[in-house]
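Visitor: My questions are about this predicted structure, shown below with the sequence.
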Amino acid sequence: MNDEMRRNMPLFPIGTVTKLTDLTPRQVRYYEQQGLIQPERTNGNQRLFSFNDVERLFEIKSLIEKGINLAGVKEMLQKNHQILEANKEVEKAQAEVVKVKQELSERELRRLLKRDLLHPKLGRTSEVYGEFSRFFRN
DNA sequence: GTTCTAACA
DNA sequence: TGTTAGCA
């Protein structure tokens, strides 16, 4: 069970959430209605909030207290989401660059070893080939 | 006792 | 947004 799963696990009824956040049940339900949070439901249709939901409610509350209306809060949250998604893509691209670099350096190493085997200058060619034979499979 | 939806002074 | 009514 990783952190992501923990943070998204439905745990708290609305009463707990209102005590945590000092928001009213009316506000919490309204924010859900506006699509700012998506708490799970029990079989009996009662809301269950995750840590992520509670954190988001704190964000919403602080923005509201700064005088930002719900439409503004909505925008900021989705902008924030867009930024997070963009960062993910950047990280992916960076990982890809690292991977390509590694592949290139392996090709380079393979080329160098092959050259040395075709033109052996040492008397230990067979041992060298055995050590690095994994580079020649293709 | 708590939470739900819907509606309204 | 607060609050109330009527349910589950």
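Guide: Received it, and whenever you're ready, just let me know what you need.

Visitor: Could you report the pLDDT at the residue in chain A that DNA strand B sits nearest to?
Guide: Residue nearest to DNA strand B within chain A (Cβ to the nearest atom of the strand): A:Gly15, separated by 2.5 Å. C-beta: built from backbone N, CA, C; applies to glycine. If you check A:Gly15, the pLDDT there is 97.

Visitor: part of a strand, is it?
Guide: No. Assignment of A:Gly15 by DSSP: H, G, I helix; E, B strand; the rest coil gives helix, placing it outside any strand.

Visitor: List the contacts of it.
Guide: With Cβ atoms under 8 Å, 6 or more residues apart in numbering as the criterion, the residues that contact A:Gly15 are A:Pro25.

Visitor: A:Ala93 and A:Gln82, how far apart?
Guide: Using Cβ to Cβ, to the nearest Å, one obtains 17 Å as the distance from A:Ala93 to A:Gln82.

Visitor: Ranking helices and strands of chain A by mean pLDDT, which lands last?
Guide: Of the helices and strands making up chain A, the lowest-confidence element is helix A:125-132, at a mean of 58, by mean pLDDT, DSSP states H and E.
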